[in-house]
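Quick one, fold the following:
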Amino acid sequence: AYYLISRSLGPEMGGAIGMVFFAANSVGIAFYMQGFTDTVSELLRLDPLDHTTYWLKLAIAGSCLLVMAVIAIVGSGMYAKSAGILFTIQMGSIAVAVASAFGRGGSAPLTWTAPDAHGINQTFTYVGPSMQTLMDNLHPDYSPGNDYAVIFKTIFPALTGMFAGANMSGVLKRPELAIPRGTLTAIFTTSFTYCLVIVAFGCSVPRHTLKNEYLILSRVCLPGVTESIIVTIGIIASTTSSALGSIQSASRVIQALAKDNLLPFLSPLATDCNGEPVAAILVSSLVGMGLLFIGNLNSIAPVLTMFFLLTYGLTNFACFVHRISGHPNFRPRFRFFTWHTALLGAIYCIGAMFYLDWRYTLVSLVVVSSIAVYIAFHPPEDVDWGDVTQSLTFHVVRKYLLRLDAEQAHVKFWRPQFIVVMQRGP
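Below is the predicted model:
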């Protein structure tokens, strides 16, 4: 994303988007680690009211981040193997939960009492799969203070990993094949998994339980001593895998910024060891760890969503201007790509930002504009990338010159045209 935007829209916009993309991935590290520590604290039955729990959770997060930083530093091969193992565990946990939702209908209804999000004990029910339950849950019924925008902002951080492969293009043997195939396969796989989980629990659990019982996957899972462990292990694998991917993305983006020397204070991060951005990995991990000290990240969660939407929107816009400029070195292999879809994606992303929260949108735009203005007034040396405006200018001029040649000039608009013959040489 950074490379495409910087080489298309210029170093100013590229540097600004690179910084906010790094910030978004760093916040993502903190989010995933907070989910990891919350799960581990529930597993260890830590008292949330005890002030030592806060520091113990930070220690757990720091230890886990240290292990993930070491995995990232060792190399991309170790990262790929670790991600594969975590993915297998995660998908196995999801498969067990979905099979339980569909397969425990014979023992339904199941009823239990547990505290809701406000600590109030309520009775919850699993009724087993039925079309009637699915139809009852199909229409929206938001709780007070919630709406579609709130749900969108809550779910969106789980859908921000689509650039993970593109961010590792430098270490892939054939990135032109691996990135599109891997990205599209990941999108279809995750979309199918999300839909399968939604249908499985939407047709077997009443709305009241879905809205108030946050541990519904554990409650419905296969009975026995592993009743909640299976889902807990899956959550741990999911959060650590996502945090590891965010470390990889954040470190490589910030290293690319440092190598381009768009922001001089990042120059120490341009170094690497055996092809791995060691300094950038350590900085990304430290930034994610520092954000965990905030405790509750809900206040900056909307900014995370805005940064990602802005990155996706400008990526679509860059593809759009490349296509309409008509220059020959932009030849996407994806047969269904058109400038219409690229423009629609850009408009949708920017429109979604204002729809979700216009205040956070303005904050995001001010941050991006400030970084872009700083780079414009402090331009880096030896940066001759050639932005797409040159191609657009040529395209527009050529278009109107051809139109002028095809039309008969009217006499009242006649102008003299001179041919000046000059002797060659001094």
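
Quick check: phi and psi on the spatially most central residue of the chain?
With distances taken as Cα atoms, centre = their mean, residue 160 lies nearest the centre of the chain, 2.0 Å away. Here is the backbone geometry of residue 160 (degrees, to the nearest 10): phi -110, psi 20.

correct me, but it touches residue 308?
Yes: between residue 160 and residue 308 there is a contact at 4.9 Å, judged by Cβ atoms under 8 Å. For the C-beta atoms, the positions are set from N, CA and C on the backbone; glycine is no exception.

which residues are common contacts for the two?
residue 24 (Cβ atoms under 8 Å, 6 or more residues apart in numbering).

now the strands for the stretch 1-150 of the chain?
110-115, 121-126 (DSSP state E, counting those that start in this stretch).

Which among those is found nearest to residue 84?
Taking Cβ to Cβ, strand 121-126 is the member of the strands of the stretch 1-150 of the chain nearest to residue 84, at 32.9 Å.

In terms of secondary structure, what does the closest one contact?
For strand 121-126, the helices and strands in contact under the criterion 3 or more Cβ pairs under 8 Å, 6 or more residues apart in numbering; DSSP states H and E are strand 110-115, helix 207-212, helix 216-220.

quick one: which of the ones you listed is nearest residue 44?
When the helices and strands packed on strand 121-126 are compared (using Cβ to Cβ), the closest one is helix 216-220, at 15.5 Å.

What residues sit buried inside that closest one?
Residues 216, 217, 218, 219, 220 are the ones in helix 216-220 that count as buried (16 or more other Cβ atoms under 10 Å).

Which one of these is nearest to residue 57?
residue 218 (20.1 Å).

Is that closest one in contact with residue 232, as I believe?
Yes: using Cβ under 8 Å, residue 218 is in contact with residue 232, at 7.1 Å.

quick revisit: worst average pLDDT in the strands of the stretch 1-150 of the chain?
Between those, the one with the least mean pLDDT is strand 110-115; it has a mean of 81.

so that strand versus strand 121-126, what angle?
150 degrees (axes from the mean of the first three to the mean of the last three Cα atoms, to 10 degrees).

Distance from strand 110-115 to the middle of the chain?
Centroid displacement of strand 110-115 relative to its chain, using Cα atoms, centre = their mean, to the nearest Å, is 35 Å.

which stretches of the stretch 251-400 of the chain form helices?
Under the criterion DSSP state H, counting those that start in this stretch, the stretch 251-400 of the chain contains helices at 278-292, 301-325, 339-356, 358-377, 389-406.

among the ones you listed, which is nearest residue 67?
helix 278-292 (10.3 Å).

Pull out the buried positions in the closest one.
Under the neighbour-count criterion of 16+ other Cβ under 10 Å, helix 278-292 has 278-285, 287-289, 291-292 buried.

Looking at those residues, which one is closest to residue 91?
Nearest to residue 91 among the buried residues of helix 278-292, counting by Cβ to Cβ, is residue 288 at 25.1 Å.

How much space separates that closest one from residue 392?
Remark: distance between residue 288 and residue 392 (Cβ to Cβ, to the nearest Å) = 39 Å.

again with residue 268
Taking Cβ to Cβ, one finds residue 268 at 37 Å from residue 392.

Likewise for residue 135?
Distance from residue 135 to residue 392, by Cβ to Cβ: 52 Å.

quick one: which helix or strand includes the closest residue in space to residue 43 that isn't next to it in sequence?
Spatial nearest neighbour of residue 43, chain neighbours left out: residue 232 (5.7 Å); criterion: Cβ to Cβ, 6 or more residues apart in numbering. Assigning secondary structure by DSSP states H and E places residue 232 in helix 229-260.

Output stretch 417-424 in PDB with nothing but the alpha carbons.
Extracted in PDB, the C-alpha atoms of stretch 417-424 (Å, rounded to 0.1, in the frame of the first residue of the first chain):
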ATOM      1  CA  GLN A 417       1.300  29.800 -36.500                       C
ATOM      2  CA  PHE A 418       5.000  30.100 -37.000                       C
ATOM      3  CA  ILE A 419       7.600  27.600 -38.000                       C
ATOM      4  CA  VAL A 420      11.100  28.800 -37.000                       C
ATOM      5  CA  VAL A 421      14.000  27.200 -38.700                       C
ATOM      6  CA  MET A 422      17.200  27.400 -36.700                       C
ATOM      7  CA  GLN A 423      20.700  26.500 -37.800                       C
ATOM      8  CA  ARG A 424      22.100  23.500 -36.000                       C
END
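
in that stretch, what's buried?
In stretch 417-424, counting by 16+ other Cβ under 10 Å, buried: nothing.

Switch the strands of the stretch 1-150 of the chain over to JSON lines, and while doing so, append distance to residue 25 to every line.
As requested, the strands of the stretch 1-150 of the chain are exported to JSON lines (distance: least, Cβ to Cβ, whole Å):
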{"stretch": "strand 110-115", "distance to residue 25": "34"}
{"stretch": "strand 121-126", "distance to residue 25": "36"}
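
Pick the most buried one from those strands.
Highest mean neighbour count among the strands of the stretch 1-150 of the chain (mean count of other Cβ atoms under 10 Å): strand 121-126, with a mean of 15.

Paired strands for that strand, with orientation please.
Strand 121-126 sits in its sheet next to strand 110-115 (antiparallel), going by DSSP bridges.

And for the strand it pairs with, what's in contact with it?
Residues from elsewhere that reach strand 110-115 (Cβ under 8 Å, 6+ apart): 104, 121, 122, 123, 124, 125, 126, 213, 215, 219, 220.

could I have that strand exported to PDB, CA atoms only?
Below are the C-alpha coordinates for strand 110-115, written out as PDB (Å, rounded to 0.1, in the frame of the first residue of the first chain):
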ATOM      1  CA  LEU A 110     -29.700 -26.100  27.200                       C
ATOM      2  CA  THR A 111     -30.100 -23.500  29.900                       C
ATOM      3  CA  TRP A 112     -27.600 -21.900  32.100                       C
ATOM      4  CA  THR A 113     -27.200 -18.700  34.300                       C
ATOM      5  CA  ALA A 114     -24.200 -16.400  33.900                       C
ATOM      6  CA  PRO A 115     -23.500 -12.700  34.400                       C
END
